[in-house]
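> show me how the following folds:
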Amino acid sequence: RFLYGAPAAGLALEGELTLSTSRDWDRFQGFSFGLADEQSAEPTVTPLADLPVVGDDGKVTFPVSVDQLPSTTKLVDAKVTVRMRETGGRAIERSLNIGVRPQGHMIGIRPDFADNEVPQGGTAKFSLIAVDPDGKREALKGAQWTLVKVERNYQWYRSNNSWNYEPVTFTKSIANGQVDLSADGGATVSVPVDWGQYRLEVETSDPEGPATSYEFDAGWYVSSTTTETPDGLEIALDKDNYAAGEVARLKVSPHFAGELLINIGSDKLLKTVTASVPAGGSTVDIPVGDDWGAGAYVTATLFRPGDAQETRMPARAIGVKWLKVDPGSKKLAITLTPPDKTMPRQQLSIPVSVAGVQPGSNAYVMVAAVDVGILNLTNYKAPDPENWFFGQRMLGMEIRDIYGRLIDGSLGNTGKLRTGGDGANMQAQGNPPTEKLVAFFSGIVELDADGKARVDFDIPQFNGTVRVMAVAWTKDAVGHAQSDVIVRDPIVITAGLPRFLAPGDAAVMRLDVADTDGPAGDYAFSIETTGDLSTGDKPLPQKLTLAQGKRQTLTVPLVAQTAGNASLTVKLAHADGTKVEQTLYVPVRPAQLPVTTRLVVDLKGNGGALRVDKELLAASLLNGASVSVGVSQAAAFDVPSLLMTLDRYPYGCAEQTTSRAMPLLYVNELASGVGMASDPDIHGRIQDAIYKVLSYQASGGSFGLWGPGSGDLWLDSYVTDFLTRAREQKYDVPSLAMNQALSNLQNSLGYDQSVQDRGSEIAYALYVLARNKKASIGDLRYYADTQLEAFSSPMAVAQLAASLALYGDTPRAEATFKTALQLAKSTTDYDYYRSDYGSRLRDGAAMLALAAESKPVPTIVPELIKLVTRERAEARWTTTQDESWMLLAARALKEGNDTIMLAVNGAAHSGGYSNQVEGSDLADSPLTIANTGKTPLQAVVTTVASPVQPLPAGGDGFTINRTYYKLDGTEANVTEATQNERYVVVLKVNEQNKWPSRLLVTDLLPAGFEIDNPGLVSSAQLTNFSWLAQTDAAHLEFRDDRFVAAFNPADGDHDHNLTLAYVVRAVTPGTYAHPAATVEDMYRPQYSARTATGMMEVKAP
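Predicted coordinates for the structure are as follows:
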């Protein structure tokens, strides 16, 4: 069914049958079938041809047959995968695993020991069964078993001037025998083993009969606790749950008589009961305690003494059962009574009633209403506090079994010591949605004295199912409930739209109109578009004739002309007054990534002028472009443009998120000096950034670049610096996370204080600790007095100086700042790999920022301003590090703009000036700025815009190639792709610079393609791509309009090659721009490469 309730009639199906071998059979847990050393055949994939469409009732049946099974001694599993394509071409996938009936009789082997290992000198015990082709256990006479020892030698040889080796495996028979397998109990085989690797082989005398083998290890390295598995003790409770104070009756059904020890425990031992149990079994009463909480585990161990006359060892059997305690009054019963069906664009009222609230208790409820389509993406389950608090817990104690340490005096030989070395080890997510999202949350609502409340949500335009979920609680009880509500118009309009378009794209939209509850007959039909989106030249029908319960489909051309957020509104009207409107949003994204340009214009005194108009963007797309204009005494520190470029950066690793957020801590402080307005939303943006970087924190306090990780002390220090500054500005930084971050820095310094290759990391960690009053002044003085020349980064030396200033050692701080300046002046270039994400510009800006924050301010600040100004003038590209530290450094120059006199569009303006305008506004509202003062000034104009003309393929430092393949492994030409076809996109990147880089690979999609969502579709078989050597990426993003992969310096092969692949589907028919795939060094942006751009078409089948 569609989520709006109607049967999904007429939808097409596709799928395939996948056959693979397996040794496991669900019906016989623990048993293995087939030969262990048989090489597994590759799974075979057979398309399911000529599948029917879904019937009018939303159901469909079809036969699936297996034409040929692989030749194997193992079991064969069949996986039936079916994808149902919605009207827009997107697919939802489901699969069913079915065991294939064996071609003949089978033998199963189960090891009666743990972890596939037995100790040296121990006994390996196995259970054997015989199974017929129908899956029923059967008798088998005269099964022959052989235990062989698997030996492996290594043959060394020399080839191509290097030594290589190949393993040579052979077997030696150790023991053999014959056993009869019964239909009910099977049979057992027990064999003593010495150290080594073994294989038990079981077969029949018939060469065409079944054969099975099992491999295991024996040796001194096996834990002494991995001995023979205890016998199972069958126990059962008389009820599913019990109230505190009741008596639970435990039925014990043993294989032998003995003494029973019952331990009741959860995270501690609660009770112990003993009893004598005859061979026929008995029942034991267990009173349920008030302190058992949600329940407890009943662990029953039955012991039988040994018998010297019968040469019988002591025996034991163990059974474990969870005894659930009924929560009783601690569980609330919630009743939700929303309507079964409602209309959109109106209020949804949800009455809530909670039973079980104790008199005098305050009760509360929280209600959420969420689109089921959203929940299905992640298989989201409604919150269930009862199960969380009162469900089965993990056993918080250990069960230790020392039976294996008992020595049977009637068996065995004198022990022998084995000596030798260790030679045996050689055997070992996007664009704006097309409709408003339905996801509402009530917050905490207090129930009235009768345990009732009503929650209202305003449902927007929406057709689908809303899941209402509620959680209620008092101080000592909890409960939950959920209910689904169908929300739909009387006439449901759904559209198969591309998730975005590019200027010049022409798509074919499929429009489905379903008459679910409206009157039948003729409807006036029209479509209105906005944002330079049109429906083409051909006229659309003005009337649709609808039948009750039926769905009608029509195709509508869509042509995007300029970038922006376009929309279209579909209108239907019936003569009886029934009207339906559906507005859909289509983001139009440029087909090329934006390019940043920076222009510095001299404004002479007494009339020097600047005009900013559309000619500035003559080679760029006006829509979507941003232009920043700033006039101040220091053009190098253009605050508005730096903020704009940082804000436009589309990705968010830990460094980039920190770089974007840290300057925002001081942006309102800078605003007045440069003529900017204060940002009222700044607090929320910074707080969100704090929470985001904390999501990258590992349990030890360190931070990973793209997720929780460790090993990058400079990044740890940088993020902790941001958290420190945020806490100083009274932002919410959780104390636990902050303390862990600081402890991580202290521990890292204590582990290794060698400056060689770690100078930048050590200096930054010391600075952050000093800012938190946790550094050692002795360490700081030691580094400043004896190790300063070992620090190769000017920023690192400046951080040592700033640390000394924080502790009041002004003379050392001043001298160290001067050393940092001289190092910056004398260094022409740095080492080939900057582990500190830096550049000459970043180092200079950081030195200036640190010096300006120090008290007293060092005397070198004017020289640092000149240094940074020079470096900024020489820098064609900047990184997030450069821009962040430039903004922090701008605090040193916030004074001095008071004397500026300007005329902006003819109006007088005094002081620094800044403005950010959209490119589309320049067409009708150009900006003119004139310097009316006497002092010459500089204006900085920064544009971020996508080029009109496609950029050619090429680059510097890298090459990148993009190739498309069909799923059968053949290369595909996607200039003419077929709708619903899936393709494997292979990107190959070669680093020509031969230095480690932090890379970002971006592949913008043509609008007719969509990345197969692994959550919805997961059956893309890549068995035809055995040649594809994929590289593991540090980070992957599957967005609506692009594929993104980030790589760390250690990724790739020895030849600096990176290979990655993903699967796309041709979804929406039409003609589209085919953007380039790009690669860039995130911290050396002058090195990048791109493929060619072009056009492609998706054709309807």
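> use CA for all of it now, contacts and neighbours both
OK.
> which residue comes closest to Ile731 once chain neighbours are left out?
Not quite, residue 731 is Tyr, not Ile. Gln687 (6.8 Å; CA to CA, 6 or more residues apart in numbering).
> tell me if I am right that that neighbour is in a helix.
Yes. Counting by DSSP: H, G, I helix; E, B strand; the rest coil, Gln687 falls inside a helix.
> burial count for it?
Neighbour count for Gln687, taken as other CA atoms under 10 Å: 15.
> that one against Asp732, yeah?
Yes. Using CA atoms under 8 Å, Gln687 makes contact with Asp732 at a distance of 7.1 Å.
> picking up where we left off before, how far away is the residue nearest to Tyr731 from Asp184?
66 Å (CA to CA, to the nearest Å).
> where does the prediction get shaky in this structure?
In the predicted model, the chain carries pLDDT under 70 at residues 88-89, 165, 220-231, 306-314, 401-435, 672-677, 828-833, 894-896, 1013-1031, 1050-1055.
> which residues are in contact with the residue nearest to Asp132 when sequence neighbours are not counted?
Spatial nearest neighbour of Asp132, chain neighbours left out: His105 (4.7 Å); criterion: CA to CA, 6+ apart. Contact partners of His105, counting by CA atoms under 8 Å, 6 or more residues apart in numbering, are 130-133, 209-210.
> quick one: His105 and Phe28, what's the gap?
14 Å.
> and for Glu883?
According to CA to CA, Glu883 stands 64 Å off from Phe28.
> go through stretch 958-969 and flag the buried ones.
958-962, 964-967, 969 (16 or more other CA atoms under 10 Å).
> nope, stretch 332-341 is what I meant
Neighbour-count burial for stretch 332-341 flags 332-338, 341 (criterion: 16+ other CA under 10 Å).
> how long is it end to end?
27 Å.
> pull the residues that contact it.
Taking CA under 8 Å, 6+ apart as the rule, stretch 332-341 contacts 348-357, 470, 472-473, 477-488.
> among the residues you listed, which are located in strands?
Taking DSSP state E, the ones among the contacts of stretch 332-341 that sit in strands are 348-355, 470, 472-473, 478-487.
> I'd like to know which of the residues you listed are buried.
Applying 16+ other CA under 10 Å to the ones in strands among the contacts of stretch 332-341 flags 348, 350, 352-354, 470, 472-473, 478-487 as buried.
> wasn't Arg660 part of a helix?
Yes. The assignment for Arg660, made by three-state DSSP, places it in a helix.
> report how many residues lie close to it.
Residues near Arg660, counting by other CA under 10 Å, number 24.
> got the contact list for it?
646-647, 880, 884.
> dig out what Ser526 forms beta bridges with.
Lys571 (DSSP bridges).
> actually, Val513.
Beta-bridge pairing for Val513 (DSSP bridges): Ile493, Gln552.
> report how many residues lie close to it.
Using other CA under 10 Å, the number of residues around Val513 comes to 19.
> who's in contact with it?
Val513 makes contacts with 491-494, 551-553, as judged by CA under 8 Å, 6+ apart.
> could you flag which of those are buried?
Counted by 16+ other CA under 10 Å, these give 491-494, 551 as buried.
> for the residues you listed, give me CSV that also has distance to Asp532.
Shown next, in CSV, are those (distance: CA to CA, whole Å):
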residue, distance to Asp532
Ile491, 28
Val492, 26
Ile493, 23
Thr494, 22
Arg551, 30
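> which member of those is positioned nearest Asp779?
Taking CA to CA as the measure, Asp779 sits nearest to Thr494 out of the buried ones among the contacts of Val513, at 67.9 Å.
> surely the closest one and Met509 touch.
No. Assessed by CA under 8 Å, Thr494 is found out of contact with Met509, at 10.3 Å.
> nearest spatial neighbour of Thr299, skipping sequence neighbours?
Val320 (4.6 Å).
> that neighbour: what secondary structure?
Strictly by three-state DSSP, Val320 counts as strand.
> surely it touches Gly265?
No. Using CA under 8 Å, Val320 is not in contact with Gly265, being 10.8 Å away.
> next, show the common contact partners of those two.
With CA under 8 Å, 6+ apart as the test, Val320 and Gly265 both reach 297-299.
> ok, and the most crowded of those?
Neighbour-wise, those (other CA under 10 Å) top out at Tyr297, 25 neighbours.
> where's Phe2 relative to Gly443, distance?
Applying CA to CA to Phe2 and Gly443 gives a distance of 30 Å.
> correct me, but Arg510 touches Leu497?
Yes. The pair Arg510 / Leu497 is scored as a contact, 7.1 Å apart, by CA under 8 Å.
> per the annotation, how does the protein divide into domains?
Under automatic domain parsing, the residue ranges defining each domain of the chain are 12-99, 106-219, 244-325, 331-388+433-487, 491-588, 634-895, 954-1099.
> please tabulate the ones you listed in a markdown table, including the columns distance to Leu610.
Shown next, in a markdown table, are these (distance: least, CA to CA, whole Å):
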| stretch | distance to Leu610 |
| --- | --- |
| domain 12-99 | 50 |
| domain 106-219 | 69 |
| domain 244-325 | 75 |
| domain 331-388+433-487 | 40 |
| domain 491-588 | 27 |
| domain 634-895 | 15 |
| domain 954-1099 | 29 |
